[in-house]
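Asks: Turn this into a structure:
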Amino acid sequence: MLQFDFVGQMIASLGLGALVVMAYGLILRHFRGKWFEGYASAAVLACGALASMTTPIVVPAGYVFDARAVFIALAGPFAGIGGAVLTAACAAAFRILVGGDGMLAGVVGIVIAALAGIVFIRFMPQKRTAGGFLVLGCLAALMAFSVFLIDFGTAMLLIAGVSVPLTIVNILGVVLLGLALERTRRSAEYLRDVEFNAERDPLTGLFNRRALKQFEGRIGQMLAPGRRSGCVVLFDIDRFKLVNDRYGHPRGDDVLQRVAATVSSRMRRSDLVVRYGGEEIAVVLLSTSLDDAWRIAEHIRSRVEKLVFTHDRETFSVTLSAGIAGFTVGDIPLETAFDHADRALYQAKNAGRNRTEILSLPLLHETPVRANA
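Replies: Residues are numbered from 1 along each chain as shown. Predicted structure coming up:
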């Protein structure tokens, strides 16, 4: 009868797993970066372990058991080694605080469960399947042997009374909760990929115009009071059509990718780099003066000029033209700045290409004369 009661209470404590899965999904949705994601996940799993330890199963010998091993073992695969250590440390600290005759055995059991998760990610990092979690559950179940740190007679009584249901519940808990967490992780990754691809140009990896519209909508929130100005730089690869015609579209794609990488490498995290259309790349520089924007554009232009491309043992190079215009939140909209930068770009094209121009204010109301790209 004890074993049936034990199993029932252990399964009930595993109901915490549903809350852990929900919290894990929220973390993946709102945290970015491996470090933040890992330790936030560890905190959730640690809370699951601690919550299970607050409702333990007390056996007649006076010792307590709970489902902590499930959460601690899964910290390794879903929070990394650091997360496994953090989860185990929290659980061990709580067990020490509770005290009692089984305190040492409990702490050692926690360490065994954490080591099971670490061994899993060290030797089976890609086996997040039912079979893989079954192995992890079996490794975590080894914590039952920590009872031998108690006197031998009591340990044998506990092994005889609860070892089988404890092992079964821990293994099943690791498999079921592990699969639920893995499904949540994959769903979150899929959503991230969908969001990423919706805002990115597939060829260059730069942001697209959809991302630009979203950026424009929140640009006022990104700039501090007193620094509400910036610049738009519009780059265009000179005579790009000739590259496609002479060397083929695959070489043209290569040119676009390397030019895009060159432009991006010079930008700050706060700046936005967009494939604006065709061979045009736009950059929004926040809190940047026209003089600084001109220096940045010139640096990029000179770097692109030095790039060397090859095709059938023939080498070639390309050049950039750039147009710059400023904007001020609440005064000159970003859309107007793009229009001005476009005019400055045509000014650069008409002046001979491979150069950078800042829009000259007297030309604002003149109709630009387009030069061949």
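
Asks: Dump the C-alpha coordinates for stretch 329-342 into PDB.
Replies: Output of stretch 329-342 as PDB, limited to C-alpha atoms (Å, rounded to 0.1, in the frame of the first residue of the first chain):
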ATOM      1  CA  VAL A 329      12.600  62.900 -34.800                       C
ATOM      2  CA  GLY A 330       9.500  65.200 -34.700                       C
ATOM      3  CA  ASP A 331      11.000  67.500 -37.400                       C
ATOM      4  CA  ILE A 332      12.400  65.700 -40.400                       C
ATOM      5  CA  PRO A 333      10.700  62.200 -40.700                       C
ATOM      6  CA  LEU A 334      12.800  59.200 -41.600                       C
ATOM      7  CA  GLU A 335      10.800  58.800 -44.900                       C
ATOM      8  CA  THR A 336      11.900  62.400 -45.900                       C
ATOM      9  CA  ALA A 337      15.500  61.600 -45.000                       C
ATOM     10  CA  PHE A 338      15.400  58.600 -47.300                       C
ATOM     11  CA  ASP A 339      14.100  60.700 -50.100                       C
ATOM     12  CA  HIS A 340      16.900  63.300 -49.500                       C
ATOM     13  CA  ALA A 341      19.500  60.500 -49.400                       C
ATOM     14  CA  ASP A 342      18.200  59.100 -52.600                       C
END
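
Asks: Arg258: what secondary structure?
Replies: Following DSSP: H, G, I helix; E, B strand; the rest coil, Arg258 is assigned to helix.

Asks: Any idea how many residues pack against it?
Replies: Using other C-beta atoms under 10 Å, Arg258 is surrounded by 16 other residues. Placement of C-beta: from N, CA and C, glycine included.

Asks: Could you tell me which residues make contact with it?
Replies: 307, 309 (C-beta atoms under 8 Å, 6 or more residues apart in numbering).

Asks: Now do it against Leu345, distance only.
Replies: 20 Å (C-beta to C-beta, to the nearest Å).

Asks: now Ser265
Replies: Ser265 is 21 Å from Leu345, where distance means C-beta to C-beta.

Asks: of those two, who's got more company?
Replies: It is Leu345, of Ser265 and Leu345, that has more neighbours when counted by other C-beta under 10 Å, with 27 against 10.

Asks: Wait, the more buried one touches Phe338, no?
Replies: No: assessed by C-beta atoms under 8 Å, Leu345 is found out of contact with Phe338, at 10.2 Å.

Asks: show me where pLDDT drops low in the stretch 51-200 of the chain?
Replies: For the stretch 51-200 of the chain, the stretches with pLDDT under 70 are 57-64, 155, 158-162.

Asks: in it, which spans are strands?
Replies: 57-58, 64-65 (DSSP state E, counting those that start in this stretch).

Asks: What about Leu286, how many residues nearby?
Replies: 20.

Asks: Just read off the phi/psi values of it.
Replies: Main-chain torsions, Leu286, degrees, to the nearest 10: phi -90, psi 150.

Asks: show me what contacts the closest residue in space to it that isn't next to it in sequence?
Replies: Nearest non-adjacent residue to Leu286, counting by C-beta to C-beta, 6 or more residues apart in numbering: Gly230, 4.5 Å away. Gly230 makes contact with 223, 284-288, 326-327, according to C-beta under 8 Å, 6+ apart.

Asks: partners of the host helix or strand of Gly230, with directions?
Replies: Per DSSP states H and E: Gly230 is located in strand 229-237. The strands beside strand 229-237 in its sheet (DSSP bridges) come out as strand 280-286 (antiparallel), strand 320-328 (antiparallel).

Asks: Show me the one of the ones you listed that comes nearest Gly48.
Replies: Ranking these by distance to Gly48, with C-beta to C-beta as the measure, places strand 280-286 first at 41.5 Å.

Asks: Can you name the element that comes right after that closest one?
Replies: By DSSP H and E, the next helix or strand past strand 280-286 is helix 290-305.

Asks: Pull the distance from that following helix to the chain's centre.
Replies: Here the centre of helix 290-305 is set off from its chain's centre by 31 Å, with C-alpha atoms, centre = their mean, to the nearest Å.

Asks: Just the residues contacting that helix, thanks.
Replies: 231, 233, 235, 259, 262-263, 266, 285, 288, 317-322, 324, 326, 354-356, 358.

Asks: Any buried residues in that helix, and which?
Replies: 293-294, 296-297, 300-301, 304 (16 or more other C-beta atoms under 10 Å).

Asks: pLDDT averaged over that helix - what is it?
Replies: The average pLDDT within helix 290-305 is 95.

Asks: swap in stretch 201-215?
Replies: 90.

Asks: if we look at that stretch, which residues are touching it?
Replies: 198-200, 253, 256-257, 260-261, 264, 272-277, 281-282, 284.

Asks: Can you list the residue ranges for helices in the stretch 101-250 of the chain?
Replies: 103-123, 130-141, 152-199, 209-222, 240-247, 249-265 (DSSP state H, counting those that start in this stretch).

Asks: How about the helix or strand following the last one, which residues are buried there?
Replies: Later in the chain than helix 249-265, the nearest helix or strand by DSSP H and E is strand 272-277. Neighbour-count burial for strand 272-277, counted by 16+ other C-beta under 10 Å, picks out 272-276.
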